[in-house]
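Q: quick one, structure for this:
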Amino acid sequence: MKLKRCMAIILAGTMAVTGLAGCSNQSNEKEESTDIAQDNLPVDEDGNISPFGKYEEPITVEIVQSINPTSELPEGDSTTDNYYTRYVKENMNIDISIKWQAADADFTQKFNLAIAANDLPDVMVVSASDFIKLKKSDLIEDLTPYYNQFASDTIKADIDATDGMAIEAASVDGKIYGLPGVNAEGDSYSLMWIRQDWLDELGLEVPKTIEEMETVAKAFVDNQMGGDHTVGVLAASSGSALYSDFISPLDKLYKLDGIFQAYKSWPGFWIEEEEGNVVYGSITSETKEALSKLQEMYENGILDQEIGIRKSADEAWKSGQVGILFSPWWHGYMIAEAAINDPDAEWMAYAAPVAEDGKWYPKKGTPTTGFVVVRKGYEHPEAAILFNNFLRRDEGIFAIETTLTVGYYPGRIVVAAIDEIEFSAEVLQKYMNGEEVPEYDPVSYKLLDADIESLKEVKDEPYDDLSIETWHMDHPNFGRLYSLLVGTSAVLQAEKEGIINKQYSLTYQQTETIEKKWTNLKKKEDETFLKIIIGEESIDYFDTFVEEWKAEGGDEITAEVQALSEK
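A: Next up, the predicted model:
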């Protein structure tokens with residue numbers, strides 16, 4: 001199990017180039033170092049160097065920003081002068097300088113050009129793939145002494161709670177080259193969200209199995225519950241993948257993972273067979289079986305008839321056309337927006353459909369998908385860690401004080417308590433039931449104080465009735481509370497029933513051959529699976545795809561992943 005946990009996040013490409021140290025029982029224990037030469041370091045009021053200190057002399061941190069052009073700043077604010085930049089100046093004595101900005105759609109290309117030209121800002125938030133590129137090119141600082149001295153106790157505790165996985169992902173040869181993010185575990189579940197009001201109107205029970213889900217979806221379509229263009233089961237928009245994969249394991253919105261996993265199929269993941277051999281989940285017999293069912297559902301009009309060509313999955317369900325979709329716990333954040341067009345819609349979430357053995361087999365992501373890194377040669381690497389110390393402590397306050405989007409927080413990486421989502425939902429349930437609320441650290445569970453304070457303003461009694469008419473959707477905290485108490489509570493119920501069997505990929509990163517050949521292999525996979533689902537190819541064509549995939553680089557990649565699993 002230790003080996004599997006380490007393999008789940010190991011940076012395969014980095015291993016090939018730099019000799020990333022293997023996992024060990026002390027993988028999260030780094031040699032303490034205080035070799036920090038700068039004179040101007042952040043200090044507290046008594047002049048002691050502190051993780052929450054302030055520079056005696058101002059420093060400048062240059063960043064780049066990915067900007068959503070439709071986002072509006074509060075009146076009088078700008079990208080360089082806003083609530084957060086003023087907060088940074090007041091609390092840390094740091095001036096933010098923006099090297100360049102780009103729209104979200106253009107940011108990745110521009111950042112890749114910056115890496116190639118070695119024209120980097122001081123502090124960057126990067127993906128795992130970019131982390132590998134930067135380390136290979138020797139463009140980022142060793143943060144080991146800065147992490148040891150400046151990372152707050154809360155951040156260290158969050159990182160340690162991943163059993164060494166997060167810090168190992170950020171380390172090469174025992175040195176830390178990035179502050180790793182920690183995603184709350186609840187983010188990677190794909191839940192079945194269903195129109196409860198349609199179920200009630202038709203006198204139907206909540207479906208638990210694939211067969212029951214088919215029956216319900218067909219009833220929705222046959223009875224035109226959403227009008228002439230009722231969609232039984234929604235699929236993702238055009239250009240989006242059919243399911244999450246080892247490169248984007250947290251991308252769950254409108255994916256069909258919920259259907260695949262009911263067949264114990266995990267396409268896009270690297271899994272281990274009973275014999276101990278590594279296999280790519282997209283080429284298994286279970287995946288063929290799941291595709292056959294999806295083809296049948298499409299042919300019968302149950303599955304989204306615009307799969308692969310639909311411009312906006314958002315628009316489809318928000319306009320009231322959709323009966324079932326798969327999405328994370330946080331789907332509830334969008335319910336109020338949908339109510340503008342369809343005020344009677346009532347969406348409920350469930351850990352379903354289950355497999356034939358009655359178990360639920362959700363695909364799970366790695367706790368670390370991104371890193372904060374520092375340009376090699378920058379004089380104050382500790383500033384990157386300071387940003388996140390203060391954010392981890394005070395971000396709950398920001399949610400109340402400003403509408404500024406997190407995209408304007410320089411150097412921000414999500415570092416959460418790994419159980420933050422489930423714990424928050426449990427506490428809220430206890431509070432609603434009149435039970436004693438357990439003690440908790442308001443820094444670790446940064447929004448929980450506000451959740452408890454606002455609950456009775458958002459939710460009417462009786463609290464055990466979660467139907468939509470008992471909620472006040474106009475309250476600012478409605479989306480979060482609905483997501484926790486409807487979305488996350490579905491996971492808690494599955495845990496209580498003992499039906500969850502989590503499935504992790506053996507690796508979430510890219511080997512040398514993946515970097516060279518994956519684009520073409522993934523394109524073939526996506527095109528083949530879509531053609532099978534919509535009936536342009538027979539299910540037997542799946543066998544041809546497997547043979548071609550293996551011959552065109554799949555076998556070579558599988559051997560590389562197999563070798564890693566044996567280390």
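
Q: flag the shaky bits of the chain, pLDDT-wise.
A: 1-35, 37, 70-71, 399-407, 567 (pLDDT under 70).

Q: phi, psi of Lys133?
A: Dihedral angles of Lys133 (phi, psi; degrees, to the nearest 10) stand at phi -60, psi -50.

Q: can you pull the contacts of it?
A: Shown in contact with Lys133 (C-beta atoms under 8 Å, 6 or more residues apart in numbering): Ile115. C-beta: built from backbone N, CA, C; applies to glycine.

Q: just the one 5 residues further on next, same as before
A: With contacts defined as C-beta under 8 Å, 6+ apart, the neighbours of Asp138 are Lys376.

Q: wait, Ala425 touches Gln493, no?
A: No - Ala425 is beyond contact range of Gln493, at 10.4 Å (criterion: C-beta atoms under 8 Å).

Q: residue nearest the centroid of the protein?
A: Leu250 (3.6 Å; C-alpha atoms, centre = their mean).

Q: isn't it up against Gly365?
A: Yes - assessed by C-beta under 8 Å, Leu250 is found in contact with Gly365 at 4.7 Å.

Q: shared neighbours of the two, which are they?
A: Asn183, Asp187, Ser188, Ser244.

Q: now that we have the residues you listed, which one has the most neighbours?
A: Among the shared contacts of Leu250 and Gly365, Ser244 has the most neighbours (other C-beta atoms under 10 Å), with 26 neighbours.

Q: look at that residue and give its secondary structure.
A: The local conformation at Ser244, judged by DSSP: H, G, I helix; E, B strand; the rest coil, is coil.

Q: count the neighbours of the residue nearest to it when sequence neighbours are not counted for me.
A: The shortest distance from Ser244 to any non-neighbouring residue, by C-beta to C-beta, 6 or more residues apart in numbering, is to Asp251 (4.9 Å). A count of neighbours around Asp251, defined by other C-beta under 10 Å, yields 20.

Q: I'd like to know how far Asp251 sits from Gly47.
A: Noted for Asp251: a distance of 47 Å to Gly47, by C-beta to C-beta, to the nearest Å.

Q: again, but for Ala417
A: Taking C-beta to C-beta, one finds Ala417 at 32 Å from Gly47.

Q: more neighbours: the two, which one.
A: Set side by side, Ala417 and Gly47 show more neighbours around Ala417, with 23 against 9, by other C-beta under 10 Å.

Q: contacts only, for that one.
A: The contact partners of Ala417, by C-beta under 8 Å, 6+ apart, come to Asp158, Ala161, Val182, Ala184, Phe423, Ser444, Tyr445.

Q: quick check: domain ranges of the protein?
A: Per automatic domain parsing, the structural domains of the chain span 2-185+366-408, 190-361+518-552, 420-497.

Q: now render those as a markdown table, adding distance to Leu564.
A: As requested, the domains of the chain are exported to a markdown table (distance: least, C-beta to C-beta, whole Å):
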| stretch | distance to Leu564 |
| --- | --- |
| domain 2-185+366-408 | 6 |
| domain 190-361+518-552 | 8 |
| domain 420-497 | 30 |
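
Q: which residue ranges form the helices in the stretch 1-150 of the chain?
A: Remark: helices assigned in the stretch 1-150 of the chain by DSSP state H, counting those that start in this stretch are 2-7, 12-18, 83-92, 104-116, 128-136, 144-150.

Q: Lys293 is nearest to which of those?
A: helix 2-7 (28.9 Å; C-beta to C-beta).

Q: nice, that's everything, thank you.
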